[in-house]
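A.B. asks: Fold the stuff below for me.
(one chain, ligands or ions: 2)
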Amino acid sequence: MKNVLTIAGSDSSGGAGIQADLKTFSAHGTYGMSVITAVTAQNTQGVLAVQDISAAIIAQQLEAVFEDIEIHAVKIGMVSVVETIDTIAAKLKGYQAPNIVVDPVMVSKSGFRLLQPEAQAHLISKLLPLATIVTPNLPEAEVITGQKIETFEDMQQAAQNIHAMGAKNVLIKGGHRQTDATDILYDGEDFYYLPSVRIPSNNTHGTGCSLSSAIAANLGQGCEIFDAVRKAKDFITVAIEQALPLGKGVGPIHHFYALYKKAGLI
Ligand SMILES: Nc1ncnc2c1ncn2[C@@H]1O[C@H](COP(=O)(O)OP(=O)(O)OP(=O)(O)O)[C@@H](O)[C@H]1O
Ligand SMILES: Cc1ncc(CO)c(N)n1
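C.D. replies: Ligands and ions are numbered 1, 2, ... in the order given. Okay, here's the model as predicted:
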C-alpha cells in the first residue's frame, strides 16, 4: 500500500478539495492523508465563506504525518495565503517529500477567489520549483505566464514558460477550452497530447482536484510521469461521464465508478 498526502482546503459539499482528494486516493487503492489549509463553506452552487487555518497548525499537521508515516506522493491544492505557502515549502523541503503534484488553485468554478492576489507570485516562486508536475487550467496558466492562451500552440508555449519557472513537468488542462477538453503534458523535452472530447455535463465540480490527486496516487504507486497523467486523464473522463446530479448547481464527479466497474460491481 502506498501512502499519499493531500495539502488542501476542505469543501463541505464533498466534491472538491480535501474530500475529492481522499476519495480519489481511495479509488486508486492508496492510503490517503490530509493536511487542511482552509475550511470552506461550499456547495454545488458556490463558496459562501472561507476560514484559513493558521500557519502554526498547518506546520504541526505536516510534522504529525511526516514524522510518523512514510509518504510516497504529495498533492498540493488550495493554499490561500503567503504564510501557508512558506510553511508548506519549508516543510516539504525539510522532509525531502517525493512526487509533489502542485495544482495551482486560484479561483473556484463558481468564481470565488481561493488564492489571495498577493500570494500568486509566492506560489510561483516557492512551490513551482518543488513540483514534480504542476497542473494549471487555462486561466491559471494565463496568470502564471501573463500570456493569453487560446490555441494548442499557446498551451505549448505556456507549458514551456512554466517549465522554465522550475516545475519538472507541466500539464496544461483543457477543461476550459471552447471546443474539446484536450490536455497537454510537457516534460521539458516533448509535448504529449491527451485528447478528449468535451463531455456535455454540468456536473464537473472537483475535476481539477481529482485529476491532480489521481496523478499523485499514480506517481506514488511508481508510474512514470506520462503513464501517471494518462491514467489520471482516463479516470477523470469516466468520473465525469458518470457524474452525480447532486445539489442545485454544478454537481460532483463519480470517484468510484471506474473502480466499481472494474470489479464487476456495476
Ligand atoms: N466537460 C468536460 N469533458 C471532458 N473533460 C473535461 C471536462 N471538463 C473538464 N475536463 C477535464 O477534467 C480535468 C480538469 O480540468 P479543468 O480544466 O476542469 O480543471 P480545473 O478548472 O482546475 O477544475 P476545478 O474547477 O475543479 O478547479 C482535465 O483533464 C480536463 O480536460
Ligand atoms: C476547497 C477547494 N479547493 C479547490 C477547489 C477547486 O476549484 C474548490 N472548489 N474548493
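
A.B. asks: What residues does the stretch 151-266 of the chain have near ligand 2?
C.D. replies: Proximity of the stretch 151-266 of the chain to ligand 2 (C-beta under 6 Å from any ligand atom) is limited to residues 208-209. All C-beta atoms are positioned from the backbone trio N, CA, C, and that covers glycine.

A.B. asks: Can you show me the helices along the stretch 151-266 of the chain?
C.D. replies: Assigned by DSSP state H, counting those that start in this stretch, the stretch 151-266 of the chain shows helices spanning 152-164, 207-220, 225-241, 257-262.

A.B. asks: Pick the most buried one from those helices.
C.D. replies: Compared across the helices of the stretch 151-266 of the chain, helix 207-220 shows the largest average neighbour count, a mean of 29 (mean count of other C-beta atoms under 10 Å).

A.B. asks: give me the low-pLDDT residue ranges for the stretch 151-266 of the chain?
C.D. replies: Within the stretch 151-266 of the chain, no range satisfies pLDDT under 70.

A.B. asks: near ligand 1, which residues of it show up?
C.D. replies: Within the stretch 151-266 of the chain, the positions adjacent to ligand 1 are 173-176, 181, 183, 196, 198-199, 201, 204, 206-209, 211, 233, 236-237, 240 by C-beta under 6 Å from any ligand atom.

A.B. asks: longest strand anywhere in this protein?
C.D. replies: strand 31-43 (DSSP state E).

A.B. asks: now the angle from the following helix or strand past that strand to strand 31-43?
C.D. replies: Next along the chain after strand 31-43, taking DSSP states H and E as the criterion, comes strand 46-52. On the basis of axes from the mean of the first three to the mean of the last three C-alpha atoms, to 10 degrees, strand 46-52 is oriented at 120 degrees to strand 31-43.

A.B. asks: List the buried residues for the helix or strand just after strand 46-52?
C.D. replies: Per DSSP H and E, the first helix or strand lying C-terminal to strand 46-52 is helix 55-66. By neighbour count on 16 or more other C-beta atoms under 10 Å, the buried set for helix 55-66 is 55, 58-59, 61-62, 65-66.
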